[in-house]
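A.B. asks: model this:
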Amino acid sequence: MVNKKYDYLIVGAGLFGCVFAHEATKNGKRCLVIDKRDHSGGNIRCENVEGINVHKYGAHIFHTNDKGLWDYVNQFVEFNRYTNSPVAIYEDKLFNLPFNMNTFYQLWGVKTPQEAMDIIDEQVKESGITDPQNLEEQAISLVGKDIYFKLIKGYTEKQWGRKATELPAFIIKRLPVRFTYDNNYFNDKYQGIPVGGYNKLTEALLEGIEVKLGVDFFASKQKYESLCDKVIFTGKIDEYYDYRFGELEYRSLHFEHQTLDIENYQGNAVVNYTEANIPYTRIIEHKHFEYGKQEKTVITHEYPAEWKSGMESYYPVNDVINSIKYRQYSELAQKEANVIFGGRLAEYKYYDMHQVIASALKYFKK
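C.D. replies: You can find the predicted model right below:
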C-alpha cells in the first residue's frame, strides 16, 4: 500500500475548505489546501484600502442563532456589534428595511400596527390573487401593491435579470414583515463583523496548514489526487465531472470599487436601489461595517450580471432544469469513495456563512 503524503487534499481555500482543514489538522490529519485564486478566504476575502477592510466580493455579515457556531468563530477572532440595518432608495425617498413600522410610516404615514395591517390586508384583498402563478403575484398576495412596486419589483428583476412575472412563485416563500419599529435585518441572536476583517478569521483557521495558491486543480488533477487519501472538493461539481450533463447555471455579480476623498459618503453600510432604471442594486460603504473613522471612504456599486461560462458563480439558479442536472451530478458524487463534495458550488446551494461552517463541521465529523 502506497503511503500518501497527505490525508486530505482540500480544493478551494474558501470558508468551507478553511474550516475543514482546521478541524482535520487539529485532529492530527495532514492537509494540503490549494486554490486557483491568488488569495485564500474565497468570497469573504477583504482587501485593505486606505485602512478600510473592503469586502472584495460583496458584503458579508455573519449572523446565526446557534451559540455553538458563534463561539466557534469567536475563538479565532473577536466580532464587533455590527447590526445589519439597510435602507432602500426609491424615487429619491428613503425606506427602512426589512419591512417594519418605520417603513410603513414612510410609505403611508401610519403610526400603529393595526393601521399598517389594515392597509396591507386591504391591498392583498383588492389584488384578488388566491393562487399565485409567479413571483409578482406571490409578493402582492403577501404584502400588497405599494411595498411590492416600490421596494421589491425593480430590485428583484435586476437581481435575477428577468421580469417578476417570469420568475417562479416559490422564490419568495415568505416576506419578512414586522409590526414593530425594528430595523435589524436579521432575526438571529448573534451578529457581527470580525474586528480587523474576515481575513483574520480565515488566516487563523489556516494557521500552520500548507496552502498553495494560484494552483489550477484540473491542470494537474492526477498529480494532486495521487498525494492524498481523500479529496475535499469545494469547486463546481459540474466542472469536476467535465460538464457531462451540461453546465449548471448561476447569477453573477460585477463590483465597481471607488475610493473617495470624503469621510462619509452615505452614512450606512448598505443602501439598496430598488428602481429598475438604476442598473446597480446597492452601494456598499465598507468602513461602516467596522465603525471606521478614516479620512477617506471606499464605496462599491454592485451590479447583477447574467452569468456566462468563466465568470464568477454567485447564486445558483435552482429552477427545474438546473435541479435535474444537479441531481444527476449528485448521484455520481455519491458513488465516489475518496472524494467529498462540500460547499456552495459543490452542493449547488446558496449558503450563508454560518451554514457553510456548520456544513464543513458536519462533513468532517461524518
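A.B. asks: can you tell me which helix or strand residue 203 belongs to?
C.D. replies: Using DSSP states H and E, the element containing residue 203 is helix 198-205.
A.B. asks: what's the first helix or strand after that helix?
C.D. replies: Counting by DSSP H and E, the next helix or strand C-terminal to helix 198-205 is strand 210-213.
A.B. asks: CA atoms of that next one as PDB?
C.D. replies: The C-alpha coordinates for strand 210-213 follow below in PDB (Å, rounded to 0.1, in the frame of the first residue of the first chain):
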ATOM      1  CA  GLU A 210       0.200  24.000   4.000                       C
ATOM      2  CA  VAL A 211      -1.500  26.200   1.400                       C
ATOM      3  CA  LYS A 212      -0.700  26.600  -2.300                       C
ATOM      4  CA  LEU A 213      -2.300  29.500  -4.200                       C
END
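A.B. asks: give me the contact list for that strand.
C.D. replies: 13, 31, 32, 33, 34, 35, 37, 38, 39, 40 (C-beta atoms under 8 Å, 6 or more residues apart in numbering). C-beta here means a position set from N, CA and C on the backbone, and glycine is covered the same way.
A.B. asks: strands paired with that strand, and their directions?
C.D. replies: With DSSP bridges as the test, strand 210-213 is paired with strand 31-35 (parallel).
A.B. asks: picking that back up, which positions in the helix holding residue 203 come out as buried?
C.D. replies: Across helix 198-205, burial judged by 16 or more other C-beta atoms under 10 Å covers 198, 199, 200, 201, 202, 203, 205.
A.B. asks: surely the third one touches residue 194?
C.D. replies: Yes. In this structure residue 200 lies within contact range of residue 194 using C-beta atoms under 8 Å: 5.2 Å.
A.B. asks: what do these two both touch?
C.D. replies: Counting by C-beta under 8 Å, 6+ apart, the contacts common to residue 200 and residue 194 are residue 77.
A.B. asks: what's the pLDDT at the closest residue to residue 167 other than its chain neighbours?
C.D. replies: Distances taken as C-beta to C-beta, 6 or more residues apart in numbering put residue 135 closest to residue 167, at 3.9 Å, once the chain neighbours are dropped. pLDDT for residue 135: 95.
A.B. asks: neighbours of residue 135, just the number please.
C.D. replies: 25 (other C-beta atoms under 10 Å).
A.B. asks: with the one 10 residues further on instead?
C.D. replies: Applying the criterion other C-beta under 10 Å, we find 15 residues in the vicinity of residue 145.
A.B. asks: can you tell me the closest non-neighbouring residue to it?
C.D. replies: In this structure, residue 145 finds its nearest non-sequential neighbour in residue 123, 5.2 Å apart by C-beta to C-beta, 6+ apart.
A.B. asks: next helix or strand past whichever strand or helix holds the one you found?
C.D. replies: Following DSSP H and E, one finds residue 123 within helix 113-127. Using DSSP H and E, the helix or strand that follows helix 113-127 towards the C-terminus is helix 135-143.
A.B. asks: which pair of the contacts of strand 210-213 spans the longest distance?
C.D. replies: Taking C-beta to C-beta as the measure, the contacts of strand 210-213 span a maximum distance of 20.0 Å, between 31 and 38.
A.B. asks: between those two, which has more neighbouring residues?
C.D. replies: Neighbour count, other C-beta under 10 Å: between residue 31 and residue 38, residue 31 has more, with 23 against 7.
A.B. asks: may I have the beta-bridge partners of that one?
C.D. replies: With DSSP bridges as the rule, residue 31 is bridged to residue 8.
A.B. asks: ditto for the one 4 residues further on
C.D. replies: Beta-bridge pairing of residue 35, defined through DSSP bridges, involves residue 213.
A.B. asks: residue numbering should commence at 23 henceforth.
C.D. replies: Okay, residue one is now 23; in that scheme the one you just asked about reads as residue 57.
A.B. asks: contacts only, for it.
C.D. replies: 33, 34, 35, 36, 39, 64, 233, 234, 235, 236, 237.
A.B. asks: you'd agree the first one is up against residue 257?
C.D. replies: Okay, so that is residue 33. Yes. In this structure, residue 33 is within contact of residue 257 by C-beta under 8 Å, at 5.7 Å.
A.B. asks: residues contacting stretch 146-166, please?
C.D. replies: 121, 141-142, 144-145, 167, 170, 174-175, 178, 185-194, 196-197, 199.
A.B. asks: the residues you listed in helices, which ones?
C.D. replies: When these are checked against helices (DSSP state H), the matches are 141, 142, 144, 145, 167, 175, 178.
A.B. asks: contacts for stretch 253-271, please.
C.D. replies: 30-34, 36, 38-39, 42, 239-240, 246-247, 329, 331, 335, 338-339, 344, 347-348, 350-352, 354-355, 360-365, 367-370, 385.
A.B. asks: so residue 208 is in which element?
C.D. replies: For residue 208, there is no host helix or strand (DSSP H and E).
A.B. asks: how close does it get to residue 288?
C.D. replies: Per C-beta to C-beta, to the nearest Å, residue 208 is found 21 Å from residue 288.
A.B. asks: so those two - more neighbours on which side?
C.D. replies: Using other C-beta under 10 Å, the more surrounded residue of residue 208 and residue 288 is residue 208, with 18 against 15.
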